[in-house]
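>>> Build me a model:
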Amino acid sequence: MGKLKQLVSQTAVYGLSSIIGRLLNYFLVPLYTHVFLPSEYGIVTEMYTYVTFLMILLTYGMETGFFRFSKIESDSDKVYSTALGSLFVSSFVFVFLGLLFSHNIADILGYSNHSYYVSMFVIILGIDAFVSIPFARLRQQNKAIKFAVYKLINIFTNIFLNLFFILWLPSLAEKISIFSAIYSSDFGVGYVFLSNLIASVVSLLLFVADFCGIKFKFDSKLLKSMLIYSLPLVVSGLAGMINEFFDRISIKFFYTIPIGVTDANTFVMSELGIYGANTKIAILMTLFVQCFRYAADPFFFSQVGSKDFNKVFADVNKYLVAFGMFIFLGIMCYIDIVKYFIAPSYWEGLKVVPMLLLGHLLVGMVYLQSFWYKIKNLTQYGIVIFLIGSFITIILNYFLVPRFGYIACAFANLCCYSVMFLITFIWGKKYLPCNYDYKKILFYILFAFILYFCTFLISPLELHIKLALNTLLIIIYCGSVLKLEGGFKIFKQLKQKFLKK
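Okay, here's the model as predicted:
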């Protein structure tokens, strides 16, 4: 339990930056969906989709490689400076070439009149890739609070600038001449990207003092070893991004335009914007999985070889499922309130939310199960698993999106991660055998689904009655989990200790 508490505490601290900060960041989505048309928000969705793919290439698995070699090398400073130097060179080359060919890239993407979109994103990507190693080092050194503070500074900067450029600047431009000189209504969603760019620069500046304080020890032989270990993760990482974000791209390129639609581009970008906005409703599941992943890598790498490692690993799997299904049930029980997170013009996409939530939970389960090939240095298995997932994603999107639109995207995402989890789990039993509590895990999943289907029986009732009954369903689920996990006994013990004091 002590080790589980350590993981929970680190997850909570990382969650301070991820959950609180990202929640605030995600609160920009209502702003975007009310200010921008679905076709305009589709541009934001598309551009950030490309970012996810390029970040995998630009970091080329160095974060995980840094964690691994910091554990096995005696000189962790040499590992850090070698990884940092490598990323500096590659990021600089990327930014130089990206700016040089920004107009050509903009023409290919269909934004010939907005090449500055590409220029801004090239710089954002270069900076974010470079600072990924300093952020990884904070995690490796268990400096979770400093990590959280730096992340929050980035997020709050981005939020403030979005509010300034999108909400306040137009009003100020009408009243004060100096602001009218810097405001352009034609810039539109470009202000979203500009805010991100400035926030990334701020993150870079936060590490300047750290850069000045390190003793640079570049080791080409070590770099070669790190690349051999890390590069297979690039393939699996790209495959993972295909699994997670190829759906957005497929909407733009595979969607069959309905008869009678006069402006095909606006229609497709509107569908992309609607789907992109509804993916944000899965925010709690996404953030839970994300902050868990931040804490899991350094935690499990540090626990490798301990006598109770397998027991801890099995327990974490069980609790991940239990809490993930709680989030799923909570969002779906309050979907009539949660839907106001986005503008009414985007509500037609709410039907994909259940599949998106389950898909994100499966992402966390796949990530946890994939730990066996990281500690066994069998990263080639990760490539195979993620390539299988990518194949499923591409095939399903290619054949189903033309007919079913973004519903097919959510379905393909769910199918992809379901298959990946099964493969990872089956192979993992050989290399990292654990005594999983299958009965409880299956019970939490099935019981949550039963309660979810009960919400359909309740849905015709008046809103206040429906919400009250749905709250009761959540309480029943939580009570069942606490009963099975001995939670009530823990509460009783804590109560007795409190009374004694």
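
>>> ok, residue 306 - how many residues close by?
11 (other C-beta atoms under 10 Å). For glycine as for every other residue, the C-beta is placed from the backbone atoms N, C-alpha and C.

>>> Spell out the secondary structure type for it.
Secondary structure for residue 306, judged by DSSP: H, G, I helix; E, B strand; the rest coil, is coil.

>>> who does the helix or strand where residue 395 lies touch, helix- and strand-wise?
According to DSSP states H and E, residue 395 maps onto helix 379-404. Applying 3 or more C-beta pairs under 8 Å, 6 or more residues apart in numbering; DSSP states H and E, we find helix 379-404 packed against helix 220-254, helix 371-375, helix 406-431.

>>> Same list (the ones you listed) but as CSV, adding mean pLDDT.
Compiled in CSV, these are given as follows (pLDDT from 0 to 100):
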stretch, mean pLDDT
helix 220-254, 80
helix 371-375, 79
helix 406-431, 91
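
>>> Tabulate those helices (CSV), appending distance to residue 465.
Formatted as CSV, these follow (distance: least, C-beta to C-beta, whole Å):
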stretch, distance to residue 465
helix 220-254, 36
helix 371-375, 45
helix 406-431, 29
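
>>> how about those in TSV, adding mean neighbour count and distance to residue 323?
Output for these, formatted as TSV (neighbours: other C-beta atoms under 10 Å; distance: least, C-beta to C-beta, whole Å):
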stretch	mean neighbour count	distance to residue 323
helix 220-254	20	21
helix 371-375	21	18
helix 406-431	20	17
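
>>> Which of those sits closest to residue 155?
Taking C-beta to C-beta, helix 220-254 is the member of the helices and strands packed on helix 379-404 nearest to residue 155, at 20.9 Å.

>>> now the angle from the helix or strand that the closest one is followed by to helix 379-404?
Moving toward the C-terminus from helix 220-254, the next helix or strand (DSSP H and E) is helix 264-279. Angle, helix 264-279 to helix 379-404, by axes from the mean of the first three to the mean of the last three C-alpha atoms, to 10 degrees: 120 degrees.

>>> contacts for helix 264-279?
29, 32-33, 36-46, 110, 247-248, 251-252, 255, 257-258, 261, 342-343, 346, 348-350, 352-353, 356, 405-406, 409 (C-beta atoms under 8 Å, 6 or more residues apart in numbering).

>>> That one: how far from the chain's middle?
Helix 264-279 sits 20 Å away from the centroid of its parent chain (C-alpha atoms, centre = their mean, to the nearest Å).

>>> For that helix, which residues meet the burial criterion?
267-279 (16 or more other C-beta atoms under 10 Å).

>>> what about the stretch 401-501 of the chain, any weak spots by pLDDT?
Within the stretch 401-501 of the chain, the set of residues satisfying pLDDT under 70 comprises 487-501.

>>> which ones are touching residue 372?
Counting by C-beta under 8 Å, 6+ apart, residue 372 touches 378, 427-428, 431-432.

>>> Number of residues surrounding the nearest residue to it once chain neighbours are set aside?
Nearest-residue entry for residue 372: residue 432, 3.7 Å, with adjacent residues in sequence omitted and distances by C-beta to C-beta, 6 or more residues apart in numbering. Around residue 432 there are 17 other residues, counting by other C-beta under 10 Å.

>>> correct me, but residue 432 touches residue 313?
Yes: contact status for residue 432 versus residue 313: in contact at 7.1 Å, counting by C-beta atoms under 8 Å.

>>> who's in contact with residue 199?
Residue 199 sits next to 154-155, 157-158, 161 when contact means C-beta under 8 Å, 6+ apart.

>>> I'd like to know the average pLDDT value across the strand or helix carrying it.
Assigned by DSSP H and E, residue 199 belongs to helix 190-206. Average pLDDT, helix 190-206: 94.

>>> Please point out which parts of that helix sit buried.
Within helix 190-206, the residues that qualify as buried are 190-197, 199-200, 202-204, 206, counting by 16+ other C-beta under 10 Å.

>>> Kindly present these as a markdown table, with separate columns for distance to residue 92.
A markdown table is the format used below for the buried residues of helix 190-206 (distance: C-beta to C-beta, whole Å):
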| residue | distance to residue 92 |
| --- | --- |
| 190 | 25 |
| 191 | 27 |
| 192 | 25 |
| 193 | 21 |
| 194 | 22 |
| 195 | 24 |
| 196 | 20 |
| 197 | 17 |
| 199 | 20 |
| 200 | 15 |
| 202 | 19 |
| 203 | 17 |
| 204 | 13 |
| 206 | 19 |
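
>>> Out of those, give me the two with the largest separation.
190 and 206 (25.0 Å).

>>> Nearest to residue 329, out of the helices and strands packed on helix 379-404?
Comparing the helices and strands packed on helix 379-404 by C-beta to C-beta, helix 406-431 comes nearest, at 16.7 Å.

>>> who are the neighbours of that closest one, in terms of helices and strands?
Where contact means 3+ C-beta pairs under 8 Å, 6+ apart, helix 406-431 is packed against helix 220-254, helix 264-279, helix 353-369, helix 371-375, helix 379-404.
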